[in-house]
Structure formats: C-alpha cells, structure tokens
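J.: sequence and predicted model, in that order:
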Amino acid sequence: MRKLILLGVGCLLSYYSFAQNSIIQIMENQTSHLIFPADIIYTDIGDNQNYIISYTNNILRVKGVKTNKQTNLTVLTKDQHYYSFFVMYLENPQLNYFITTRMAIKVLGNTDNKSPPTVPTSAKTTSKTEIRRVNLPVRKHSNTATIDDNLFDKAVSLLSKSHLYDYIGARHGDIQLKVTGIYHSLKNCFIVYEIRNRGAIPYDISYVEFGIKERKRPKKSAQQEKKLAPLFTVKEEITRVLPYQVNEYVAVFGKVTVPNDRLFYMEVVEDGRNITLDILFHKLPIRRLY
C-alpha cells in the first residue's frame, strides 16, 4: 500500500512539474511522444545536433542522445495554439504527454496575435481606420497572355481559399507583408500573399523579389542568393495599396525546392518602405494541388 501511495504521489509530482515548467524528458534509444488536441503544422527544436523531432497529424515524436544540454521545443497546431517546452535528458524519463490547450502560451487568433477590439455595430460602417479587403478585378494581361488558361484559373481560385497560415509575416511601419498559403502541383508552386496598409498614405509597389539565400553565412563572406522569377503573378498590375486596404496576390513559379540550410525570401520594395520576409520553406505544411 505504501508503495502504491508513493507511486501515486510521484505521478502527481511528475504531472505538476510538467504543467508548471513544461519540461519534456527524453532518454537515449527511446522515444517521447506528445499528443496534441489538434493537428501540428509547425515544429522547431533549438538543438538539432543532440535532439530530433518528427510528427504525424497530432502526434509529435522527440528523441535524443545523452547530453547535459537543455534545449527548447516550439509547436504550432492547426487550431492556432502556440506551445513552448523545455527538453532535457533524464535517466528515468516520462515518455508520454497528453497536451491540453491550457498548456498553450499563446493563441494566434489573427494577424497581430491579439483579439480585435469590440466595435459597436453602428461604428463598423463609419470607422475611417477599418481595414478593407477589396476584391480587385482579376484579368489576364499582355504579360500573361501566353500562360495556359488552366494554370491561370488555378492560381486565381486560390484567392478565394481560406488561409493556410496566419503567422508568416513581416512589417515596416504601417505596411505588412504576409504569406497566407503555399501550394504545389506536380509542375508548379503557388505562393499566396497579401500586402496590408494600416496607414493613411498609399503604398506604391516598385517591385517584388523572390529568392533563396543562406540561413547562416560566415563573417566577411558574400551572401549567396539565388533569385527566383515567377512565371506570372495574379494582380501584378495592381501596384498601389490604398489606405486601410488589403491587396491579395498569387505568385506562380515552376517547381521550387529549398534545401534545409537555405531560406526562401521575398522582398516588397517601395522607396523608403521596403519589407523583407524570410521563410523556413522546408518546415511548412505545403498543400498539394491536383
């Protein structure tokens, strides 16, 4: 009986320690499992030399070697709950963790990661600072005349789909660049992005650049970049983002592959208000288009 009581107390202390400190324990030659309430869409671990992670749907697997180095683990699930844990090696670890939403440190509900303020119904139609998502006209222009109609229509259809991501963005003052979806067919890659103007001054796009660059580069060495030119961009001719407005675009490429030690980047340029966004392409859940 005494052993059972001690075992129960030990389990409670182990659970309490996890809930308070969010520590994931691992052991060499064994796998620790984390079961989340929703499917996983992004993970990262700080030390990828001593620890490895992988996931399927809502189950995350963590393994590692014997080390005294503690690291951190970040997880984002499809329901936009953001989790952060410490990971450490122990001789007698707890190997199974059932995660609840109360363990999330943040809920990424919208672009700014905070709930929108409550606005009276009467004020919604008259507010001068309301951000408008305008359905700007879509038409084929001379620079896309040679593009296959099916490919063009497929790209246009992505503008009406719900966002795959709500956490990939960069900002310069009142101007925000945000990638909301990446899709890949057998031959083409489609990147859906939006430019949001929260200020009172129009934003005029000079050009948009895409490319692949090194994640880390030694000091005093030239940064290796490879520019990628899209086959075409839906709504490319609409280069002005009016005040308090959101413009949406779709850039279409051939097949795009980004090595693990590289970053996919895009840069939107206007004199004095340039925005650069780096994307860990290989870690994103990319939707397949048929």
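T.: Right, received. Where do you want to start? Residues are numbered from 1 along each chain as shown.
J.: going by C-alpha atoms from here, please, whenever you check contacts or count neighbours.
T.: Will do.
J.: neighbouring strands for the helix or strand that contains residue 63, and are they parallel or not?
T.: Per DSSP states H and E, residue 63 falls inside strand 59-64. Based on DSSP bridges, the pairing partners of strand 59-64 within the sheet are strand 32-35 (antiparallel), strand 51-56 (antiparallel).
J.: distance from the chain centre to the first one, please.
T.: This means strand 32-35. When C-alpha coordinates are averaged (C-alpha atoms, centre = their mean, to the nearest Å), strand 32-35 and its chain have centres 22 Å apart.
J.: neighbouring contacts of that strand?
T.: For strand 32-35, the surrounding residues in contact (C-alpha atoms under 8 Å, 6 or more residues apart in numbering) are 24-26, 58-63, 94-99.
J.: same check on stretch 68-80?
T.: For stretch 68-80, the surrounding residues in contact (C-alpha under 8 Å, 6+ apart) are 36, 38-47, 58, 82-89, 107-109.
J.: looking at the strands paired with strand 59-64, which is closest to residue 181?
T.: Each of the strands paired with strand 59-64 was checked against residue 181 via C-alpha to C-alpha, and the shortest separation belongs to strand 51-56, namely 20.3 Å.
J.: ok, back up a step: out of the strands paired with strand 59-64, which one sits most buried?
T.: For the strands paired with strand 59-64, ranked by mean neighbour count under the definition mean count of other C-alpha atoms under 10 Å, the leader is strand 32-35 at a mean of 19.
J.: kindly export the strand holding residue 63 (C-alpha atoms) in CSV.
T.: Extracted in CSV, the C-alpha atoms of strand 59-64 (Å, rounded to 0.1, in the frame of the first residue of the first chain):
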residue,chain,number,x,y,z
ILE,A,59,1.4,13.2,-32.5
LEU,A,60,5.0,14.6,-32.1
ARG,A,61,8.0,12.4,-31.5
VAL,A,62,11.1,13.5,-29.7
LYS,A,63,14.4,11.6,-29.5
GLY,A,64,17.9,12.4,-28.4
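J.: dump the residue contacts of residue 97.
T.: Under the criterion of C-alpha under 8 Å, 6+ apart, the contact partners of residue 97 comprise 32, 33, 34, 35.
J.: what's the ChimeraX syntax to select whichever of the contacts of strand 32-35 are buried?
T.: Typed into ChimeraX, the next command selects the buried ones out of the contacts of strand 32-35 (criterion: 16 or more other C-alpha atoms under 10 Å):
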select :24,25,26,59,60,61,62,63,94,95,97
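J.: low-confidence ranges, the stretch 51-200 of the chain, go.
T.: Judged against pLDDT under 70, the low-scoring parts of the stretch 51-200 of the chain cover residues 109-137, 139-145.
J.: try 90 this time
T.: Screening the stretch 51-200 of the chain residue by residue with the criterion pLDDT under 90, one finds the ranges 51-57, 63-70, 74, 76-82, 89-95, 101-149, 165-167, 171-174, 198-200.
J.: helices of that one, residue ranges please.
T.: Secondary structure of the stretch 51-200 of the chain (DSSP state H, counting those that start in this stretch): helices at 121-124, 149-157.
J.: buried ones in the last one?
T.: Read that as helix 149-157. Buried positions in helix 149-157, judged by neighbour count with 16+ other C-alpha under 10 Å: 152, 155, 156.
J.: still on that earlier bit, dump the strands paired with strand 59-64 into JSON lines; add distance to residue 169 as well.
T.: As requested, those are arranged in JSON lines below (distance: least, C-alpha to C-alpha, whole Å):
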{"stretch": "strand 32-35", "distance to residue 169": "28"}
{"stretch": "strand 51-56", "distance to residue 169": "24"}
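J.: wait, which of the ones you listed is closest to residue 214?
T.: When the strands paired with strand 59-64 are ranked by proximity to residue 214, the top entry is strand 51-56, at 21.8 Å, counting by C-alpha to C-alpha.
J.: what distance do you get for residue 90 to residue 166?
T.: With the distance defined as C-alpha to C-alpha, to the nearest Å, residue 90 ends up 36 Å from residue 166.
J.: my read: residue 24 touches residue 90, true?
T.: No: with contacts defined as C-alpha atoms under 8 Å, residue 24 does not count as touching residue 90, sitting 9.7 Å away.
J.: so what sits opposite residue 264 in the bridge?
T.: Judged by DSSP bridges, the bridge partners of residue 264 are residue 212, residue 279.
J.: list the contacts of it.
T.: The neighbours of residue 264, taking C-alpha under 8 Å, 6+ apart as the test, are 210, 211, 212, 213, 258, 278, 279, 280, 281.
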